[in-house]
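In: Following is a predicted model, sequence given first.
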Amino acid sequence: MSDYRVETDSLGEVRVPSRALWGAQTQRAVENFPVSGLRMPRRVIRAFGRVKRAYAALNRERGSLPAEVADAIILAAAEVVEGRHDEQFPVDIFQTGSGTSSNMNANEVIANRAIQIAGGVVGSKRPVHPNDHVNKGQSSNDVVPTVIHMAAAEAVTEELIPALRRLAEALEEKARAFDAIVKIGRTHLQDAVPVRLGQEFSGYARQARNGVRRLEAVVPALCELALGGTAVGTGLNAVPGFSEAVIARLADETGLPLRQAPNLFEALAAKDGLVEASGALRTVAVSLNKIAEDIRWLGSGPRCGIGEIKLPDLQPGSSIMPGKVNPVMSEMMVMVCAQVTGNDLIVTLCGQAGHFELNTMMPLLAHAFLQSVEILANACNAFTDKCVAGLQADAERCEEMVEKSLAMVTALNPVIGYDAAAALAHEAYETGKTIRALCLEKGILPKEKLDELLDARKMTGR
């Protein structure tokens, strides 16, 4: 058996690996774009399968495809949805900017697999043709933005929002557990008035909750689909109402509130919805970076740092310093956040490539956006399970730091005045004494009044 077969397209003959389900146009893309080895994400491939299956089913119902052809396409597309042919999607993301190569990749794989199911010869285009049958009523220009939007909406709702909710719940649990522990606050990385450790963690939990809210707000834009616009938004060769019926079927299948975009010219040419959603991902990354960095600093030490919380010991931290343990989960998270921030710039630049009737950087946009969702979701889950869940407070260290803080003098301002309080703080710093000890030594206030004013718990409010 030869290791290749000869197929033809509009440009002539192409040698295709004999075991490949893809065809001539996919093979040309493989040979033309040996760039990165990065392929279309799994969710995009699954969305291709869903779209092709839905079109075949409706074309069968409406008599636009012979039943035996449609049934074979439906079975083949179902296998693509299930992930049984992922290795048959070899096209690099750095390809034609419309994603036509990936759409034809899907058409050819589904057509050839349908030919196998029908008992035909792979590559013959009989009885199933990739363009005439699998792509019937469609264009790459409306299918590719559709599958990207479907994949993005699905990933955000199924992966990232649940992961953020889990993190928020874990942080809320720590906020409750740490509520009685008073620690020193810090502004400008300098000592400030007291705050409860639980209050700090309530702020982190709110950031995570806000992330969920922001993501939920952008899902409707991701659920607007370009199907029906075909080549330039006019719907040429599309049967009126057909695409809407396909979208309704896809909505039922996925459980997503999918709908046809109200303006198909915008849906093909602009990627504003994905840019908006990427902005929400970037905001989530900024929030998670703050949370991870604070936890890293609060757990610094264990003896010569802040050390107000204890991080879980996960792995040895040094090849030369025995016993050293590093804040690896925080470091993982901040690197993920850096990648997401960079990906947002990529999505923005891709969004600016909507020249006239079509955006021409869609494959890269899909990769960057979906990578951000995936790594944020995975990082949130890992950070929740391996860091936040195991955090412990060092109550003694927190109390020690509060008593030593010069910022405690702030509570004396209303009684002795700002200038006197400032002088007291300077003297305490120079002598190494606490505010309380210096006040008692100088007889500035009676002990009972001093104890009342320097009650750190009362300083933190309710």
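Out: Everything's here; your move.
In: Which SSE is immediately downstream of the helix or strand harbouring residue 342?
Out: When elements are assigned from DSSP states H and E, residue 342 belongs to helix 328-351. Note on helix 328-351: by DSSP H and E, the next helix or strand toward the C-terminus is strand 354-355.
In: Give me the distance between that next one and the centre of its chain.
Out: 25 Å (C-alpha atoms, centre = their mean, to the nearest Å).
In: Who does it pair with, and is each partner parallel or antiparallel?
Out: strand 358-359 (antiparallel) (DSSP bridges).
In: hey, what's residue 358 bridged with?
Out: Where residue 358 sits in a bridge, its partners, by DSSP bridges, are residue 355.
In: residue boundaries of the strands in the stretch 101-250 of the chain?
Out: Along the stretch 101-250 of the chain, counting by DSSP state E, counting those that start in this stretch, strands occupy 182-187, 190-196, 224-225.
In: buried stuff in the second one?
Out: The reference is to strand 190-196. 191, 193, 194, 195, 196 (16 or more other C-beta atoms under 10 Å). Any C-beta I mention is one placed from the backbone N, CA and C, and that applies to glycine too.
In: Same list (those residues) but as JSON lines, adding distance to residue 288 and pLDDT.
Out: Output for those, formatted as JSON lines (distance: C-beta to C-beta, whole Å; pLDDT from 0 to 100):
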{"residue": "191", "distance to residue 288": "26", "pLDDT": "95"}
{"residue": "193", "distance to residue 288": "27", "pLDDT": "97"}
{"residue": "194", "distance to residue 288": "26", "pLDDT": "97"}
{"residue": "195", "distance to residue 288": "21", "pLDDT": "98"}
{"residue": "196", "distance to residue 288": "22", "pLDDT": "98"}
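In: Quick check: closest non-adjacent residue to residue 37.
Out: residue 92 (7.0 Å; C-beta to C-beta, 6 or more residues apart in numbering).
In: quick revisit: same for the helix holding residue 342, what does it pack against?
Out: Helix 328-351 sits against helix 272-298, helix 362-386, with contacts defined as 3 or more C-beta pairs under 8 Å, 6 or more residues apart in numbering; DSSP states H and E.
In: Highest mean neighbour count out of those?
Out: helix 362-386 (a mean of 23; mean count of other C-beta atoms under 10 Å).
In: Once you drop chain neighbours, what's closest to residue 445?
Out: In space, residue 445 is closest to residue 439, 5.7 Å off (C-beta to C-beta, 6+ apart).
In: if I look at that neighbour, how far off is residue 425?
Out: 11 Å (C-beta to C-beta, to the nearest Å).
In: quick one, domains of this protein?
Out: Per automatic domain parsing, the domain ranges recorded for the chain read 20-136, 142-395, 405-459.
In: Burial check on residue 64, number of neighbours?
Out: 16 (other C-beta atoms under 10 Å).
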